[in-house]
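Participant: Please find the sequence and the predicted model below.
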Amino acid sequence: MGNRVYCSYFDHNYLARGLALYHSLQRHSPGAQLWVLCLSEACHEALAALDLPGLVPVPLADFEAANPDVAATRPNRSLIEYYFTCSPAWMLYVLENAPDAEWVTYLDSDLFFFASPDPIYDEIRDAAFGIIPHRFSRGLEDQRRFGLYNVGWVSVRRRGDGISALRWWRERCIEWCHDRVE
């Protein structure tokens, strides 16, 4: 099913979780490449020093230099809102810088693999974009006001409709991405 590349972002406070994600991914998808947007210099220094195979640490400054319109939103957003704003732009950055990738999949840094991700890719085999609904359990239906989809796993395929959807999401996040319901 083509070359898959994964990406995530975290700072030094989430470093242990991000490394757990990396190691679980390597265990269940040996040789997988994980690009990490390092949200702090301490995170970048630690990951660069570890020099783990298949882990590509990218300093936030490099990402922001390539995405000045995203970086321009930073003064008007809380830290978490800014990080959320970066999500689709980060995926597009990885897609543009990993030319052999057919799929780029964003993973929240606190995810952990207990099995191969192959069944998910089998499920989305003909799709251009993959996103997972929250599937709120009974009693939590009121949480739908925060959105129907969980951005903890988002996949985009390198093809026109996938890239168009990713660019659309990127533009919407630049327009508005706040931690509140309107």
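Facilitator: Nice, I can see it. These numbers come from a predicted model, not from an experiment.
Participant: Only C-alpha atoms from now on, for both contacts and neighbour counts.
Facilitator: OK.
Participant: Now do the SS call for the residue nearest the centre of the chain.
Facilitator: The centre of the chain sits closest to residue 106, judged by C-alpha atoms, centre = their mean, with a distance of 2.7 Å. On the three-state scheme (DSSP: H, G, I helix; E, B strand; the rest coil), residue 106 is labelled strand.
Participant: What of residue 130?
Facilitator: Applying three-state DSSP to residue 130 yields a three-state assignment of strand.
Participant: ok, how many other residues are close to residue 133?
Facilitator: Here the neighbour count serves as a burial measure; for residue 133 (other C-alpha atoms under 10 Å) it reads 12.
Participant: residues contacting it?
Facilitator: Contacts of residue 133 were listed using C-alpha atoms under 8 Å, 6 or more residues apart in numbering, and they are 148-150.
Participant: which is the next helix or strand following the longest strand anywhere in the chain?
Facilitator: Once the chain is assigned using DSSP state E, the strand that runs over the most residues is strand 149-157. Once strand 149-157 ends, the next helix or strand along the chain (criterion: DSSP states H and E) is helix 160-175.
Participant: Which of the residues in that next one are classified as buried?
Facilitator: Applying a neighbour-count criterion of 16 or more other C-alpha atoms under 10 Å, the buried positions in helix 160-175 are 162-163, 166-167, 169-171, 173-174.
Participant: Give me the average confidence score over stretch 137-151.
Facilitator: Mean per-residue pLDDT for stretch 137-151: 84.
Participant: Give the buried residues for it.
Facilitator: Residues of stretch 137-151 classed as buried: residue 151 (neighbour count, 16+ other C-alpha under 10 Å).
Participant: which residue sits closest to residue 11, ignoring its sequence neighbours?
Facilitator: Excluding its sequence neighbours, the residue lying closest to residue 11 (C-alpha to C-alpha, 6 or more residues apart in numbering) is residue 39, at 4.5 Å.
Participant: Now for residue 67: which residues touch it?
Facilitator: Going by C-alpha under 8 Å, 6+ apart, the list of residues near residue 67 reads residue 89.
Participant: Distance check, it against residue 118.
Facilitator: From residue 67 across to residue 118, the span is 32 Å (C-alpha to C-alpha, to the nearest Å).
Participant: residues near the nearest residue to residue 116 once chain neighbours are set aside, how many?
Facilitator: For residue 116, ignoring the flanking residues on the chain, the nearest one in space by C-alpha to C-alpha, 6+ apart is residue 28 at 4.7 Å. For residue 28, the count of nearby residues is 15 (other C-alpha under 10 Å).
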